[in-house]
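**Q** 3D model of this:
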Amino acid sequence: MVPVRTPTRIAAVAVTATLTVALAACTGTSPSTGTGPPPASSTAAPSSVPAPVSDGVTTTADVFGPGCSQLPQGSAPGSPTAMGPLRVVAAAATNPLLTTLAAAIGTVPGLGDSLDAQPGLTVFAPADTAFVALRGQLGAAAYDALLADPNKLGALLQYHVAGTRHDAATLVAARTSGELTGGVLTIGGTPQDPTVTDGKGDVATVLCGNIPTANATVFVIDKVLTPAS
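**A** Model (predicted):
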């Protein structure tokens with residue numbers, strides 16, 4: 001025999017359905033069917049992980065530039081391999097491209113010791129040919145007077161030194177370089193071919209860059225940089 005639904009049972013079902021619809025309207029949701037996907041999380045995952053920041057320390061494998069072939073090779077004195085363990089001034093003194101710079105640093109009392117004591121530097125080191133060009137620009141008398149004045153010479157040399165250590169990639173990314181004298185250099189080009197613009201707008205190119213030393217990364221450049229004033 002087929003059971004007969006009583007009015008009381010039908011009324012109970014109707015009340016239950018009405019309460020379910022009312023509850024859904026109050027909460028702004030529809031009754032779950034049990035078949036849909038779970039709601040998406042409102043918290044978005046990070047889109048990317050920040051790239052690591054280089055400390056500016058390089059190795060002989062990072063050295064680049066057209067002038068690097070003029071350096072001694074292997075472990076010979078003045079080679080990138082031999083310069084690596086030395087403090088920056090001691091290393092520069094062995095580099096055959098930097099004999100004038102090394103001599104100039106030696107004429108400024110305390111400068112060599114001060115630079116070698118720094119924990120991390122970037123040095124834009126004018127090659128010997130850059131000093132020859134400067135002598136031609138200034139004239140012999142003015143050039144010799146500059147080399148004989150430790151105050152002016154010391155300020156000029158420190159204009160080539162930044163208190164933050166960079167490799168070529170972070171240097172180009174920074175776009176500027178603050179020097180020990182308070183001056184600012186403008187960095188352009190690419191990590192493979194960077195340029196350095198001084199306060200007077202003169203642009204130097206890198207002859208040999210990313211040279212490692214114990215406390216500095218060295219970029220041999222083709223000009224002596226000069227501040228705006």
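**Q** which strand residues bridge residue 177?
**A** With DSSP bridges as the criterion, residue 177 is bridged to residue 185.
**Q** residues touching it, list them.
**A** Residues near residue 177 by Cβ atoms under 8 Å, 6 or more residues apart in numbering: 122, 124, 162, 164, 166, 171, 184-185, 187, 196. Heads up, the C-betas are built off the backbone N, CA and C, glycines and all.
**Q** between these, which is nearest residue 86?
**A** Among the contacts of residue 177, residue 122 lies closest to residue 86 (Cβ to Cβ), at 16.4 Å.
**Q** distance of the residue most central in space within the chain relative to residue 64?
**A** In the chain, the residue lying closest to the centroid (Cα atoms, centre = their mean) is residue 170, at 1.9 Å. Distance of residue 170 to residue 64, computed by Cβ to Cβ, to the nearest Å: 15 Å.
**Q** still on that earlier bit, which of the contacts of residue 177 fall within strands?
**A** 122, 124, 162, 184-185, 187, 196 (DSSP state E).
**Q** neighbouring contacts of the biggest strand by length in the chain?
**A** As assigned by DSSP E, the longest strand anywhere in the chain is strand 203-212. Strand 203-212 is contacted from outside by 57-60, 62-68, 70-71, 80, 83-84, 91, 95, 97, 124, 126-127, 130, 167-168, 188, 193-198, 217-223, 225, using Cβ under 8 Å, 6+ apart.
**Q** which of the ones in strands among the contacts of residue 177 lies closest to residue 107?
**A** residue 124 (19.1 Å).
**Q** beta partners for the closest one?
**A** residue 219.
**Q** just residue 161 next, same as before
**A** Here residue 161 sits in beta bridges with residue 123, as judged by DSSP bridges.
**Q** where exactly do the strands run in this protein?
**A** 121-126, 161-162, 176-178, 184-190, 193-197, 203-212, 216-221.
**Q** kind regards, and thank you for your time.
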